[in-house]
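Participant: Give the three-dimensional model of this entry:
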Amino acid sequence: MGEFVGIDPLGAEKLIRQMEAGKNVLARARPGLEAAIREAGDEWAGREGVAAMHRSWAFFHESQQDLKWRIGTIKRIVPTQQKGMLTGTFPFTSGTEAAEAAKRDANAITAALDYHDQFLSGPSWAGVEKALSALKGRIDDPNYSAALLTALGPTTFQKLLRDWMNTQAPGARRGLTPDALNRAGEASPGLLTRAFASAESSGRLGNEWQKMVETAPSDILTSLVALAPQSGTFLNRVATNLLNRPPNSDSFPTDPNWNLHNLAKAYEANPEAFRRLLAEQPNEAGVMLDAYTIRSSGVPAYEEALAKALHGALKPGAGADDMRERAWITVINSIGSEHTLWVGGGIGTFADSPISRVLAQDITPILDKLARGQAERNSPDVPYLEPRAPWDKLDPTVSARFLGALMQDSAAADTLMKAGQNYTWELDMGRFHPFDPDLYGRAAHVNLAARTGALSNLLLSGSTYAEWSDDEYAERIAGYLLMPVDFFNNKSIPIDSALVSTGKDKGLDDVKDVMKGMITDYLDKKTPKDAGVVANALVEQQANFLVNSLKEHGQAPLAAEDRELMREAIKGRLLSALLQALQRRGG
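Facilitator: As a prediction, this is how the structure comes out:
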């Protein structure tokens, strides 16, 4: 029969709270009123006072329940973020009517399923589908969905999904394939999982449904979260349970693992839930990010789905800052762990990974956190370098391995280089001269220089894990070395014309070519010099360029002692990582 309803959910929720306050007043007044009546006895004048109070309390309570039902239903019927009045046609005129209809439909479904179990034929299964078709247009009512599922119970609910899979998707033994999911969404599984979402998200299901997460087969659970948008709380409970199951816990461990893919797709649709999983369940999130898991799933689309889910959870501005930062730390610790398979060749060679490209694209806001961690390690006595919590617990060695893992993808490496250059530009190191007479100015320069050098250090350290050609390697190492110089040259030296700017850029290109040539000669064994000699020469080249740039552009000349200090500062920040990179690559 139905009813056309218009309701403002926010206004109705405010009214519910006001009625709750009224119920509390009545509840506090009742004991005193009843005691006064007993004490007064026959002299009490208001004989109906207590009954009237009970009727008022019941009116508030019943009105609250009706409003809650209407709010829950209209939000399912009209899924929108808009505020104000929402309108829609309800399938039932009351929550009680919805629950009664659900019980009748559950009885019809159970009877059809019992009949099918006797004959196991196409026509008998068609009878089950016909009984389930009664759910259409009704499952957006949370009272209906909750009553339906309560009447069916978790066992029958799972059996309905399993029987559909057995008859309509018999080859999908480790999760439904995309084609099977599309067919399931248009058939009875789609209706059942939407009913579950309606009931579960409104908090109307009992504990036996929560326990189902612990016992249901993996493909049932991943179909449940893939076919309908479940609540973030339920999705994370499913993920936590599945990712803690032994890798070969199902019957077909060698089949393509569409369960992982379907879980990632569910997170792609719910970035807030994935962000929370990453931040609060690092062990389980680590399973999804594990290189062996990714490459042995047998489903190449899993990596793409996981990349999209990571982008939704980690992209700049997504969700609350603290939650996003904690999620980033989980990703860095997982990919950059000591025993990670993301680096080192073999299955860990991610030369064309969409995950690497997404993470490199979204990493810009946290570069300063990583740089501060490395800078504090390099210069523990320099004030104001230390990263704030939770970044103070992140090991810079792990950060370097993480960056190295991303760099195995050439496109990601280029993105990281660009992000690093932008970071040094934003620091604006040229605001302060390294030998400013003012103590604050000198300290500020050291702080900024330490952070720019630290990021170059991290990138150099990470480059030791990258699978690049010798030419790519030399090009990028020279680029990482010149990041602080490039910035200093362009920020601290006045630019009076486009010609001057072009000349400066040309100078940087020339120096980069010199450095690249030195690295290439070393890698190609064209020089007898060992890695230490080459590394020192590269640092010397960078220091000389910095001194010459200051002179050529009108800056006050540096004394010999000052030049030595600058050279030693550059050497201290970069030499160790550069030497390691050359030794690892060149032998």
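
Participant: Please spell out the segments of the stretch 251-400 of the chain that come in under the pLDDT threshold.
Facilitator: Within the stretch 251-400 of the chain, the stretches with pLDDT under 70 are 251, 344-349, 378-379, 381-384.

Participant: Now tell me what touches stretch 396-404 from outside.
Facilitator: Applying Cβ atoms under 8 Å, 6 or more residues apart in numbering, the contact partners of stretch 396-404 are 331-333, 335-338, 340, 342-343, 370, 373-374, 377, 416, 458-459, 461-466. C-beta here means a position set from N, CA and C on the backbone, and glycine is covered the same way.

Participant: Quick one: buried ones out of those residues?
Facilitator: Listed as buried from these are 331-333, 335-337, 340, 342-343, 370, 373-374, 416, 458-459, 461-466; burial here means 16 or more other Cβ atoms under 10 Å.

Participant: So which of the residues you listed sit within helices?
Facilitator: Residues of the buried ones among the contacts of stretch 396-404 located in helices (DSSP state H): 331-333, 335, 370, 373-374, 416, 458-459, 461-463.

Participant: Can you add distance to residue 136 and give those back as TSV?
Facilitator: Putting those into TSV (distance: Cβ to Cβ, whole Å) gives the following:
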residue	distance to residue 136
331	41
332	47
333	47
335	45
370	52
373	56
374	59
416	51
458	56
459	57
461	59
462	54
463	58
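
Participant: Which of the residues you listed sits closest to residue 353?
Facilitator: residue 335 (10.4 Å; Cβ to Cβ).

Participant: What residues does the closest one make contact with?
Facilitator: Residue 335 sits next to 289, 342, 359, 401-402, 405-406 when contact means Cβ under 8 Å, 6+ apart.

Participant: out of the residues you listed, who's nearest residue 240?
Facilitator: Nearest to residue 240 among the contacts of residue 335: residue 289, at 14.8 Å, using Cβ to Cβ.

Participant: And that closest one, how close does it get to residue 260?
Facilitator: As judged by Cβ to Cβ, to the nearest Å, residue 289 and residue 260 stand 11 Å apart.

Participant: Likewise for residue 155?
Facilitator: Taking Cβ to Cβ, one finds residue 155 at 26 Å from residue 260.

Participant: Just want to know which of the two has more residues nearby.
Facilitator: Between residue 155 and residue 260, counted using other Cβ atoms under 10 Å, the more crowded position is residue 260 (26 against 11).

Participant: What is the subsequent helix or strand relative to the strand or helix carrying the more buried one?
Facilitator: Secondary-structure assignment from DSSP states H and E places residue 260 in helix 258-269. Once the chain leaves helix 258-269, the next helix or strand it forms, by DSSP H and E, is helix 271-280.

Participant: Same question for that following helix: list its buried residues.
Facilitator: Of the residues in helix 271-280, 271-279 count as buried by neighbour count, 16+ other Cβ under 10 Å.

Participant: elements contacting that helix?
Facilitator: helix 232-243, helix 258-269, helix 282-289, helix 300-314, helix 321-335 (3 or more Cβ pairs under 8 Å, 6 or more residues apart in numbering; DSSP states H and E).

Participant: And those helices: which comes nearest residue 95?
Facilitator: When these are compared for distance to residue 95 using Cβ to Cβ, the nearest one is helix 232-243, at 22.1 Å.

Participant: Give me the helices and strands touching that closest one, please.
Facilitator: With contacts taken as 3+ Cβ pairs under 8 Å, 6+ apart, helix 232-243 sits against helix 207-215, helix 218-227, helix 258-269, helix 271-280, helix 282-289.

Participant: Generate TSV for those helices, with distance to residue 528 as supplementary columns.
Facilitator: Below are the helices and strands packed on helix 232-243 laid out as TSV (distance: least, Cβ to Cβ, whole Å):
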stretch	distance to residue 528
helix 207-215	65
helix 218-227	60
helix 258-269	52
helix 271-280	50
helix 282-289	44
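
Participant: Could you point out which of the ones you listed sits nearest residue 305?
Facilitator: For those, the distance to residue 305 is smallest for helix 258-269, at 3.9 Å, taking Cβ to Cβ.

Participant: Show me what the closest one is packed up against.
Facilitator: Applying 3+ Cβ pairs under 8 Å, 6+ apart, one finds that helix 258-269 contacts helix 218-227, helix 232-243, helix 271-280, helix 282-289, helix 300-314.

Participant: cutoff 7 Å now
Facilitator: Packing contacts for helix 258-269, counted by 3 or more Cβ pairs under 7 Å, 6 or more residues apart in numbering; DSSP states H and E, involve helix 218-227, helix 232-243, helix 300-314.

Participant: ok, back up a step: run through who's touching the helix holding residue 260.
Facilitator: Residues from elsewhere that reach helix 258-269 (Cβ atoms under 7 Å, 6 or more residues apart in numbering): 172, 174-177, 218-219, 222, 225-226, 229, 235, 239, 242, 273-274, 297, 299, 301-302, 305-306, 308-309, 312.

Participant: Recalculate using a threshold of 8 Å.
Facilitator: Contacts to helix 258-269, defined as Cβ under 8 Å, 6+ apart, come from residues 172, 174-177, 181, 218-219, 222-223, 225-226, 229-230, 235, 238-239, 242, 273-274, 277, 288, 293, 297, 299, 301-302, 305-306, 308-309, 312-313.

Participant: Among these, name the buried ones.
Facilitator: Applying 16+ other Cβ under 10 Å to those flags 172, 174-177, 181, 218-219, 222-223, 225-226, 229-230, 235, 238-239, 242, 273-274, 277, 288, 293, 297, 299, 302, 305-306, 308-309, 312-313 as buried.

Participant: re earlier: would you format the helices and strands packed on helix 258-269 as a markdown table with distance to residue 422 included?
Facilitator: Listed next are these as a markdown table, based on distance: least, Cβ to Cβ, whole Å:
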| stretch | distance to residue 422 |
| --- | --- |
| helix 218-227 | 38 |
| helix 232-243 | 33 |
| helix 300-314 | 18 |
